[in-house]
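> curious how this folds, go ahead:
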Amino acid sequence: MKNEKLQAASRHFVARFSPFITHLVTLNLLDQRQRKYVKQTGWAKGAIQRSDIELTDTAAMSSLRYFITTLNFALHGWKTRKQRYKDVCRIVAIPVIEGTTNGKRRHFHILLGNVPADKLGDLEKYVADAWAKTKWGMPGVHVMALDENRMDAAVFYTGKEVGYYNNDAVLWQQASIPNRLLGARA
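The predicted structure follows:
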């Protein structure tokens, strides 16, 4: 399943957005969580029932979408809702999922950019708050600032599973990229 050409192409496409990326974020997902509900019928009516829920791919993608939307709103505020600001007030987020096929814990790496300058100092707090609001987010996030020296290593690191374990590791369908970076007109 080794496909070095696919990996190189994926890294090349991600590197296209590297001038706009400033941070690498790592977010871990819970493997399972407990659900609690109150029994409505039968002899144990009113009793609290517990069951374990396993993480599915759909739940992981839902948590990722919610996280990106919540973080975007936390960083840019109400301007994300207004049509004339949508192209400027939108974070660059290129997510990569790891651990879906090789037995590791599922987690996301997100190449993040277009963060307002006044919020850069508290970025880790904003990321942790947004991730804590998701259903499957595990406490403890890692935010690393990227400079020119670290950018190539970050692009290489995020694409390490493509062509080997998971060809769809870079989640382009979940990415948040402003139209101006894609070359489209607003």
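
> and Leu75, how far from Val92?
If you measure Leu75 against Val92 using Cβ to Cβ, to the nearest Å, the figure is 11 Å. C-beta coordinates here come from the backbone N, C-alpha and C atoms, glycine included.

> among the two, which residue is more densely surrounded?
A count of neighbours by other Cβ atoms under 10 Å puts Leu75 above the other of Leu75 and Val92, at 23 against 20.

> find the nearest non-adjacent residue to the more buried one, please.
Once its chain neighbours are removed from consideration, Leu75 has its nearest residue in Lys119; the separation is 5.4 Å (Cβ to Cβ, 6 or more residues apart in numbering).

> how near is that neighbour to Phe13?
Separation of Lys119 from Phe13 (Cβ to Cβ) stands at 28 Å.

> Lys160 too?
Taking Cβ to Cβ, one finds Lys160 at 15 Å from Phe13.

> for Asn3, same thing?
Relative to Phe13, Asn3 is positioned 15 Å away (Cβ to Cβ).

> hang on, Ser63 is in a strand, isn't it?
No - inclusion of Ser63 in a strand is not indicated when DSSP: H, G, I helix; E, B strand; the rest coil is applied; the result is helix.

> and the helices in the protein?
Listed in chain order, the helices found in the chain under DSSP state H are 4-15, 57-76, 123-132, 148-158, 179-182.

> buried ones in the second one?
Judged by neighbour count (16 or more other Cβ atoms under 10 Å), helix 57-76 contains these buried residues: 59-60, 63-68, 70-76.

> ok, those vs Glu148, which is closest?
Closest approach between the buried residues of helix 57-76 and Glu148, by Cβ to Cβ: Leu75, at 23.0 Å.

> surely the closest one is in contact with Gly113?
No - in this structure Leu75 lies outside contact range of Gly113 using Cβ atoms under 8 Å: 10.9 Å.

> what does the pLDDT read for Glu54?
pLDDT for Glu54: 84.

> what separation do you get for the nearest residue to it once chain neighbours are set aside and Lys135?
Taking Cβ to Cβ, 6+ apart as the measure, Glu54 lies nearest to Gln32, with 5.2 Å between them; neighbours along the chain are not counted. Gln32 sits 12 Å away from Lys135 when distances are taken as Cβ to Cβ.
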